[in-house]
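Q: Here is a sequence together with a model predicted from it:
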Amino acid sequence: MYTAEAKNLRYKEGKDIELKIQTNRPLLLPSAMALTGLLCAVLALAAVQIANAVPQHNKRFACADGHITSNEVCCQLFPLVDQLQSDLFDGGECGEEAHESLRLTFHDAIGFSPTKGGGGADGSIIVFSDIETAFHANGGIDDIVDAQKQFMASHNVTINPGDFIQLAGAVGVSNCPGAPRLEFLFGRPPPAAASPDLLIPEPFDTIDTILARFSDAGFNASEVVALLGSHTVAAADTIDTTIPGTPFDSTPGLFDTQVFIEVQMRGILFPGTGGNQGEVESPVPGEIRLQSDSELARDSRTACDWQSFANNQAGFQTAFRAAMQKMAIIGHDRNSLVDCSDVIPVPEPLPATAGPHLLPDSVQGDIEQACATAPFPVLAALPGPATSVAPVPPS
Ligand code: HEM
């Protein structure tokens, strides 16, 4: 007795086609001759269906709950996305957990080197958290690792942790107005082992070291700058522990280009105690600046890329999405994963009041020009007196 089922076939051209051979009844096979005849019939039917097949990216599958997706296996993710929004992201906020979840996508994925090992975006930071959260570069990451582990346990999440981390990151980013809608590919196997230590860049590393580390993991300098744009929705808890939640730009709730502008402004103060490893002076009270961000904005290999995003929201979105697409599948073969991007909510655009600007009470001369081939874009300062940037509240 045989029952034929729906199968997805993948062809070398990179296009998926779906072959559905479904029977309502079991097939009874009385003899070898009948079996041969049946196989011929099935193959003939398959040939017809292949000829009429539609590429996967054009497919629309209706889930039982009414969601439409390109692949049936993605249906299980829609309720999980809703739970993430309500129970991890405080009803869909671009707040602390969304920021931390984005950071976690990086700290899991970058744990990969062709020579030193590590499985990349495999969830090892969750499964082997006792080992990986102890790495120096993972300071403060234990909060979101614990939160995601608890979420997975309390919501009976059955998808693998590598998938879960990248899904949570993409959903969290979607809560930040101005963000691109990130790709989400589904199907990472469980991790085999913990990542080796010393693969995650530190804010006090030199640009040589940072670029070499990213290059080892497959990223060029332009992609590094695009990825670092994530610090537009970010704050630090551990650089200066006296001022937890201190953001890297003045708009940590918006996925805008302010981080590229404000990191390029002359640093004049430490928002807290100062003298901390990996920290340099920032341009405004309440804002913290990483040494690595500061140097990437000023190094001849990266300064022009950094500057290019300062007033180019669309370019930043495109470059960030492309770099994240690559980062999220480090250690995996893209062709072994299923595209479930349509489960990711569509982010709001930036509010009409947002837009690239200098901080209040500052002038164009406060920008430290570093790109040798093009001037920094001319920007107006926000009206009003100099202000202080508020911390990102804990939730
Ligand atoms: C040279 C590379 C990088 C360095 C040195 C670096 C360093 C840091 C540091 C020191 C913090 C503050 C952690 C704390 O004290 O709480 C931080 C936060 C953050 N990083 Fe990075 N980072 C890098 C690249 C990235 C990348 C590639 C991403 C994502 C794609 C990312 C996303 C974030 C986010 C979202 C936060 C904020 C977390 C929060 O608000 O809790 N970073 N990063």
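A: Cool, the structure landed.
Q: State the pLDDT value of residue 59.
A: Per-residue pLDDT puts residue 59 at 80.
Q: Quick check: closest non-adjacent residue to it.
A: residue 70 (5.1 Å; C-beta to C-beta, 6 or more residues apart in numbering). No exception for glycine: its C-beta is placed from N, CA and C like everyone else's.
Q: got it, and residue 282?
A: residue 289 (4.1 Å).
Q: isn't the one you found right up against residue 274?
A: No: counting by C-beta atoms under 8 Å, residue 289 does not reach residue 274; the two are 11.5 Å apart.
Q: Need the residues touching each of these two.
A: residue 281 (C-beta atoms under 8 Å, 6 or more residues apart in numbering).
Q: Looking at those two, which is more packed in?
A: residue 289 (30 against 11; other C-beta atoms under 10 Å).
Q: tell me the contacts of the more buried one?
A: So residue 289 contacts 248, 263, 267, 279, 280, 281, 282, 283 (C-beta under 8 Å, 6+ apart).
Q: Pipe those into TSV and attach neighbour count, distance to the ligand and pLDDT per row.
A: Formatted as TSV, the contacts of residue 289 follow (neighbours: other C-beta atoms under 10 Å; distance: C-beta to the nearest ligand atom, whole Å; pLDDT from 0 to 100):
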residue	neighbour count	distance to the ligand	pLDDT
248	25	7	98
263	27	12	99
267	16	16	98
279	24	9	98
280	19	12	98
281	14	16	98
282	26	14	98
283	24	18	98
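Q: among these, which are in strands?
A: Mapping these onto strands (DSSP state E) picks out 279, 280.
Q: thinking again about what came up before, distance of the residue nearest to residue 59 from residue 207?
A: From residue 70 over to residue 207 the distance is 40 Å, taken as C-beta to C-beta, to the nearest Å.
Q: who has more neighbours, those two?
A: Neighbour totals were compared for residue 70 and residue 207, and residue 70 leads with 20 against 17 (other C-beta under 10 Å).
Q: what about that one, distance to residue 61?
A: For residue 70, the distance to residue 61 - C-beta to C-beta - is 7 Å.
Q: ditto for residue 141
A: Distance from residue 141 to residue 61, by C-beta to C-beta: 36 Å.
Q: With neighbour numbers in mind, choose between the two.
A: A count of neighbours by other C-beta under 10 Å puts residue 141 above the other of residue 141 and residue 61, at 23 against 16.
Q: Isn't that one up against residue 102?
A: No: using C-beta under 8 Å, residue 141 is not in contact with residue 102; the gap is 11.7 Å.
Q: who in the stretch 201-350 of the chain is up against the ligand?
A: 201-203, 210, 227-228, 230-231, 233-239, 278, 290, 292 (C-beta under 6 Å from any ligand atom).
Q: Which of the residues you listed fall in helices?
A: 210, 227, 228, 292 (DSSP state H).
Q: Going by secondary structure, residue 107 is in what exactly?
A: helix 96-109 (DSSP states H and E).
Q: after that helix, next one along is what?
A: Helix 96-109 is succeeded, C-terminally, by helix 124-127 (DSSP H and E).
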